[in-house]
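Undergrad: let's see this in three dimensions:
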Amino acid sequence: MSISDELQELVYQTLVADPGVGALVGDKIYDGMPSGRGYPCITFGPSDTLEDDSECINGRIETLQLDCWSRDQGRLSPCKKICDAVKAALHKAELELSVNALILIRIDGMRVFRDADGTTAHGVVTVVADLEELS
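TA: Numbers count the residues shown, from 1 in each chain. Okay, the predicted model is just below:
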C-alpha cells in the first residue's frame, strides 16, 4: 500500500468511527461519487503532494480534499455542520499510520457554497498531512 493510500484509509477510518461525523452522514463516506448516493455524504476529492525531504528523512506534505454534500432546500447550514464535524475529527488529531509516520494532520481551510443546481450545498475541507516515508 502506498503512503497516499495509507493516509486516505486512515482518514476514512477516522471519519467513519467519529460519532459527530456519523450523526450527520452515517457511513456515507465515499472514494468517488457513487450513482444514486444519498445526501448528506462525504467524498474524497483530488489530492496532491510536495516532497519535504531533509537529511536522511524521506518526507512529504500531502493535501487531501474532502467534499461534503447536503441537500436541504438550498440551505448551507447543514453542510457547514458536516465540515465542522470533519475538522473536529481530524484537526491536530493524534493518529498513527500502520507502516509510515504521520507527523501532523491539520485542516488548512474550509469553504461552503451552493452548487449550480441551487439546492445542493457543497463544502470543501482541505486536509494537510506531514508524513515521513518509512518503507
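
Undergrad: strands along this structure, start to end?
TA: Counting by DSSP state E, the chain has strands at residues 29-30, 41-51, 59-71, 101-114, 120-132.

Undergrad: centroid residue for the protein?
TA: Nearest to the mean C-alpha position of the chain, counting by Cα atoms, centre = their mean, stands Leu66 at 3.9 Å.

Undergrad: identify the residues contacting the spatially closest residue to Trp69 that is not a sequence neighbour.
TA: Nearest non-adjacent residue to Trp69, counting by Cβ to Cβ, 6 or more residues apart in numbering: Cys41, 5.2 Å away. For every residue, glycine as well, the C-beta is placed using N, CA and C. For Cys41, the contacting residues are Val25, Lys28, Ile29, Tyr30, Cys68, Trp69, by Cβ atoms under 8 Å, 6 or more residues apart in numbering.

Undergrad: quick check, the third one in contact with Tyr12.
TA: Yes. Distance between Ile29 and Tyr12: 6.1 Å, which falls inside the contact criterion (Cβ atoms under 8 Å).

Undergrad: ok, the two, which is more surrounded?
TA: Using other Cβ atoms under 10 Å, the more surrounded residue of Ile29 and Tyr12 is Ile29, with 20 against 16.

Undergrad: from Ile103, how far off is the more buried one?
TA: 24 Å (Cβ to Cβ, to the nearest Å).

Undergrad: go on, Lys81?
TA: For Lys81, the distance to Ile103 equals 29 Å [Cβ to Cβ].
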